[in-house]
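Peer 1: next input, structure requested:
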Amino acid sequence: MLQHEGDVSVIGLGEMGGALARTLLRKGWRVTVWNRSPMRARALAAEGARTANDPVEAVAASPIVIVCLSNYPAMREVLGRCDGTLAGRVVVQLGNGTPQDARDGAAWAESRGAHYLDGTILAWPSQIGGEHTVILASGSDDAFARARDALQALAGASAHTGTRVDEAAALGAATLAYLAGHWIGMAHASLLCQSEGLDVQAFAGMLADFSPVLGNDLRHMGDVIGEGRYANPESTLQTAGADIANLVRQAREAGIGEEFPSYAAGLFQRAIEAGYGPEEHVAVIKVLRNAA
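Peer 2: Numbers count the residues shown, from 1 in each chain. The predicted model follows:
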């Protein structure tokens, strides 16, 4: 199959992979697709995609191969059928994993002659193609230069984090760590509101309006941790610890789950007992860092 500069192949057509392929089609790219379940590929064929019969055909069709499978072992299993075809292609891995997965994935792909980028998508499928949508990619300057136009078609704010191939995965994992607390915190906050007969949607709107202040607090916490200056806070870890302990009592009084506030209260209490009570709230990192 003759390749063109505007060709890209997408392997893996789940919710996110399908959104990637559809966005590229909408923006004028020649897209070849392959999926374990042919039904998803046939649906995209109706929208203008070329379907490959197997991964070898998909890889051979394009100079850029975007892989959006569930994990790195799945990538190796699928692309392992393409050993004679990968050489010279830019493989853009957009699945989920750890920084070590990224390092191992790069070594695996490069040993087969591929140019490798490891990426993380900081968006939902519905946001793919947006001007402010972010895909972070790590790997060689040359590989990113070759894949840049495709990545920016998918996410207008795509960025090359650097040549260390594990950086995007590390930043993705760090973002997920933050979001895990964000999601659980919102779920518990909603239970608290409901237990007192308050409107959860109105509460969420209030927090959204408060988001600039929360954004400033995020920057402040980053500065505190990055510079190691935990002393002389406006509000101490000890004060926040007492407030969070009240959340445990409220949960018990309301008969709602106390797992989240109990964990947070226990963590803050450990930090207080370790002598960090007069410091910034985010000094809890010290007991997390020293956890055996």
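Peer 1: isn't His188 right up against Ala254?
Peer 2: No: using CB atoms under 8 Å, His188 is not in contact with Ala254, being 10.9 Å away. (C-beta placed from N, C-alpha, C; glycine too.)
Peer 1: so those two - more neighbours on which side?
Peer 2: Counting neighbours by other CB atoms under 10 Å for His188 and for Ala254 shows that His188 has the greater number, 19 against 14.
Peer 1: surely that one is within a strand?
Peer 2: No: the assignment for His188 (DSSP: H, G, I helix; E, B strand; the rest coil) gives helix, which keeps it out of a strand.
Peer 1: helix or strand for the spatially closest residue to it that is not a sequence neighbour, which one?
Peer 2: In space, and not counting its chain neighbours, His188 is closest to Phe260: 4.5 Å by CB to CB, 6 or more residues apart in numbering. Following DSSP states H and E, one finds Phe260 within helix 259-271.
Peer 1: distance of the residue nearest to His160 when sequence neighbours are not counted relative to Ser138?
Peer 2: Distance criterion CB to CB, 6+ apart; nearest residue to His160, sequence neighbours excluded, is Phe144 at 4.4 Å. Distance, Phe144 to Ser138, by CB to CB, to the nearest Å: 8 Å.
Peer 1: overlap in contacts, these two.
Peer 2: 117, 160 (CB atoms under 8 Å, 6 or more residues apart in numbering).
Peer 1: ok, these two, which is more surrounded?
Peer 2: Taking neighbours as other CB under 10 Å, Phe144 and Ser138 compare with Ser138 leading, 28 against 23.
Peer 1: is that one in a helix, a strand, or coil?
Peer 2: The three-state label given to Ser138 by three-state DSSP is strand.
Peer 1: the residue nearest to His188: neighbouring residues, count only.
Peer 2: Neighbour count of Phe260, defined by other CB under 10 Å: 19.
Peer 1: now Arg50
Peer 2: Arg50: 19 surrounding residues under other CB under 10 Å.
Peer 1: do Gly48 as well
Peer 2: Burial measure for Gly48: 15 neighbouring residues, criterion other CB under 10 Å.
Peer 1: show me the contacts for it.
Peer 2: Residues in contact with Gly48, defined by CB under 8 Å, 6+ apart, are 25, 31.
Peer 1: mind checking pLDDT for the residue nearest to His188?
Peer 2: Predicted confidence (pLDDT) for Phe260: 97.
Peer 1: you'd agree it is up against Ile184?
Peer 2: Yes: between Phe260 and Ile184 there is a contact at 5.2 Å, judged by CB under 8 Å.
Peer 1: could you check the pLDDT of Ala19?
Peer 2: 98.
Peer 1: CA atoms of the one helix or strand it maps to as CSV?
Peer 2: Taking DSSP H and E as the definition, one finds Ala19 inside helix 15-26. Extracted C-alpha coordinates of helix 15-26, given in CSV (Å, rounded to 0.1, in the frame of the first residue of the first chain):
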residue,chain,number,x,y,z
GLU,A,15,-14.0,5.0,23.3
MET,A,16,-10.7,7.0,23.1
GLY,A,17,-9.2,5.3,20.1
GLY,A,18,-12.4,5.8,18.2
ALA,A,19,-12.4,9.5,19.1
LEU,A,20,-8.8,9.8,17.9
ALA,A,21,-9.6,8.2,14.5
ARG,A,22,-12.8,10.2,14.0
THR,A,23,-11.1,13.4,14.8
LEU,A,24,-8.3,12.7,12.3
LEU,A,25,-10.8,11.8,9.6
ARG,A,26,-12.8,15.0,10.3
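Peer 1: before I go, just wanted to say thanks for your time.
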